[in-house]
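[1] just the structure for this:
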Amino acid sequence: MKNVAIIMGGYSSEYKISLTSGNVVFNNINRSKFNPYRIHIFKEKWVYVDENDAEFPIDKNDFSVTVNGTKINFDVVFNAIHGTPGEDGLMQAYFELINMPQTSCDYYQAALTFNKRDMLSVLKPYGIKTAESYYLNLGDEINVDTILAKVGLPCFVKPNKSGSSFGISKVKTTEEFLPAIENAYKEDDEIIIESFLDGTEVSVGVINYKGNITVLPITEIVSENDFFDYEAKYLGKSKEITPARISDELKVKIETVAKRAYEVLKMKGFSRSEFIIVNNEPHMLEMNTIPGLTTESILPQQAREAGISLPELFENAIELALKK
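    Alright, predicted model coming up:
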């Protein structure tokens, strides 16, 4: 029986969603093979939380925990932290230093994909299309005319390193532009401003399943809101249609691009990439390496459509991590 530490929480606005994902993993893990432990990672504390919600501090020297005088060592970590420090490479680097297997990608890939600007720049030479974009860092001069001449209106203003659509605004008029920038700077000191791509939005899960890079059924996203924002993602304000209502030809095109991105970046574990289809061409927006794992989340929906249950999905991730 392997001891599995399920890390959840994190230091960002996404911690509540992460706790939900982590608990779904905890409740769907195969207990005939694994002993799951819920580990909350917060700035002020790293703790093991038992079934009575009692907390025991984690020893950061070896990521162990002592419960009533007994030291528990973990065999593997299941990473369910959305945002920092679980999705940006910090936890991955720490686990690599202490030689602890974990289910997500390596630290460089995590840091790269968490930085939307850098990831899209790396993928562009491989022929992966993206929106027209403009970058700003906190303190940069903001020349509204120059920026809008490049990206046009409407456009999207996004924090460069944030998830779950926190800090994102769709800007339709020049007057909305500066408030949108202020809103994005609340989440990050780097901003990406992108042209509005008018097309169908799809989400594509790519995972390593039993040693094979596998593209899961594609999900089409129809948001009731102006775009796929936090409310649409987590409060039911969107329709997610799996499999997407697209032609076989387009399906193959999207699968090829999504798989290529996974391979080019030397990814491991889960990934979920967002694309907008314009003139029958997929344009990549971002890649999430710790996608939501709640029962309603997109990647579990896609796995279910592919005939993979949550216990199978999670067991596969743990088994692959143990083989690394």
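
[2] counting contacts, what elements does the helix ranked longest in the chain pack onto?
    In the chain, taking DSSP state H as the definition, the longest helix is helix 248-264. For helix 248-264, the contact count by 3 or more C-beta pairs under 8 Å, 6 or more residues apart in numbering; DSSP states H and E identifies helix 116-123, strand 200-209, strand 212-215, strand 271-278, strand 281-288 as packing neighbours. Bear in mind the C-beta positions are built from the backbone N, C-alpha and C, glycine included.

[3] can you say which of the ones you listed is nearest to Asn143?
    helix 116-123 (18.5 Å; C-beta to C-beta).

[4] that closest one: how far from the chain's middle?
    Computed by C-alpha atoms, centre = their mean, to the nearest Å, the chain-centroid distance of helix 116-123 equals 15 Å.

[5] buried residues in it, which are they?
    The neighbour-count check on helix 116-123 (16 or more other C-beta atoms under 10 Å) flags Lys116, Met119, Leu120, Val122, Leu123 as buried.

[6] flag the least confident of those.
    pLDDT is lowest at Lys116 among the buried residues of helix 116-123; the value there is 90.

[7] quick one: that residue and Glu286 touch, right?
    Yes. Using C-beta atoms under 8 Å, Lys116 is in contact with Glu286, at 5.2 Å.

[8] quickly list what's touching both of those two.
    Residues within reach of Lys116 and of Glu286 at once, by C-beta atoms under 8 Å, 6 or more residues apart in numbering: there are none.

[9] then the longest helix of the chain to PDB, C-alphas only?
    C-alpha atoms of helix 248-264 as PDB (Å, rounded to 0.1, in the frame of the first residue of the first chain):
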ATOM      1  CA  ASP A 248     -14.200  15.300 -38.000                       C
ATOM      2  CA  GLU A 249     -11.700  17.300 -40.100                       C
ATOM      3  CA  LEU A 250     -11.600  20.100 -37.500                       C
ATOM      4  CA  LYS A 251     -11.500  17.600 -34.700                       C
ATOM      5  CA  VAL A 252      -8.400  15.900 -36.100                       C
ATOM      6  CA  LYS A 253      -6.800  19.400 -36.700                       C
ATOM      7  CA  ILE A 254      -7.300  20.400 -33.000                       C
ATOM      8  CA  GLU A 255      -6.200  17.000 -31.700                       C
ATOM      9  CA  THR A 256      -3.000  17.300 -33.700                       C
ATOM     10  CA  VAL A 257      -2.200  20.800 -32.400                       C
ATOM     11  CA  ALA A 258      -3.000  19.900 -28.800                       C
ATOM     12  CA  LYS A 259      -0.900  16.800 -28.900                       C
ATOM     13  CA  ARG A 260       2.000  18.700 -30.600                       C
ATOM     14  CA  ALA A 261       2.000  21.300 -27.900                       C
ATOM     15  CA  TYR A 262       2.100  18.600 -25.200                       C
ATOM     16  CA  GLU A 263       5.000  16.900 -27.000                       C
ATOM     17  CA  VAL A 264       7.000  20.100 -27.900                       C
END
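
[10] contacts for it, please.
    122-123, 126, 128, 202, 204, 206, 213, 215, 218, 243-244, 246, 267, 271, 273, 275, 277, 280-282, 284, 287.

[11] filter those to the buried ones?
    Buried among these (16+ other C-beta under 10 Å): 122-123, 128, 202, 204, 206, 215, 218, 244, 246, 267, 271, 273, 275, 277, 282, 284, 287.

[12] for the stretch 1-150 of the chain, which segments count as strands?
    2-9, 34-42, 45-49, 55-59, 64-67, 70-72, 76-79, 129-130, 133-137 (DSSP state E, counting those that start in this stretch).
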